[in-house]
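Enquirer: I'll drop the sequence and a predicted model, then ask my questions.
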Amino acid sequence: MHIKVSEFGIKKMKTKWGTCNIEAKRIWLNLELAKKPIQCLEFIIVHEMVHLLERKHNDRFIAYMNKYLPKWRSYKEELNSIPVGHAEWEY
């Protein structure tokens, strides 16, 4: 992708799978992604990295997603079909 990420981290997030600070070139990933299929993690990483090329979810952003991860739509659909996390577990 020819993109340099200066820093990345993992943290608990209640509503988002990932965030990108464009100025700092820093990406945060939701800890819950560790429980999801690997292609979902790849989708979020590519999505956040593309934000370093294009801030908004516009046609240019979609073109980059199509270029770098052609199956991104199916991965997004898969990820959005499952809950972000489980606040309570029953045993």
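Expert: Nice, I can see it. Numbers count the residues shown, from 1 in each chain.
Enquirer: which residues in this protein form helices?
Expert: The residue ranges that make up the helices of the chain, judged by DSSP state H, are 38-50, 59-68, 72-80.
Enquirer: quick check: mean pLDDT across the shortest one?
Expert: I take that to be helix 72-80. Per-residue pLDDT values over helix 72-80 give a mean of 95.
Enquirer: ditto for the longest one
Expert: Per-region confidence: helix 38-50 scores 97 on mean pLDDT.
Enquirer: ok, residues contacting it?
Expert: The list of residues contacting helix 38-50 from outside it, by C-beta atoms under 8 Å, 6 or more residues apart in numbering, reads 1, 3, 5, 17-20, 27, 29-30, 33-34, 61, 64-65, 68-69, 71-72, 75-76, 78-79. The way it works is simple: take the backbone N, C-alpha and C, and place the C-beta from them, glycine included.
Enquirer: that older thread, quick one, which of the helices of the chain is packed in tightest?
Expert: Here the criterion is mean neighbour count by mean count of other C-beta atoms under 10 Å, and of the helices of the chain the winner is helix 38-50, at a mean of 19.
Enquirer: with K71 as the reference, measure out to the residue most central in space within the chain.
Expert: Central residue of the chain (C-alpha atoms, centre = their mean): I44, 1.8 Å from the mean position. When C-beta to C-beta, to the nearest Å is the yardstick, I44 and K71 sit 14 Å from each other.
Enquirer: P83 now?
Expert: When distance is defined by C-beta to C-beta, P83 is 22 Å away from K71.
Enquirer: just want to know which of the two has more residues nearby.
Expert: Between P83 and K71, counted using other C-beta atoms under 10 Å, K71 has the larger neighbour count: 12 against 8.
Enquirer: mind checking how far the closest residue to the more buried one other than its chain neighbours is from R55?
Expert: In space, not counting the residues next to it along the chain, K71 is nearest to Q39; the distance is 7.6 Å by C-beta to C-beta, 6 or more residues apart in numbering. With the distance defined as C-beta to C-beta, Q39 ends up 25 Å from R55.
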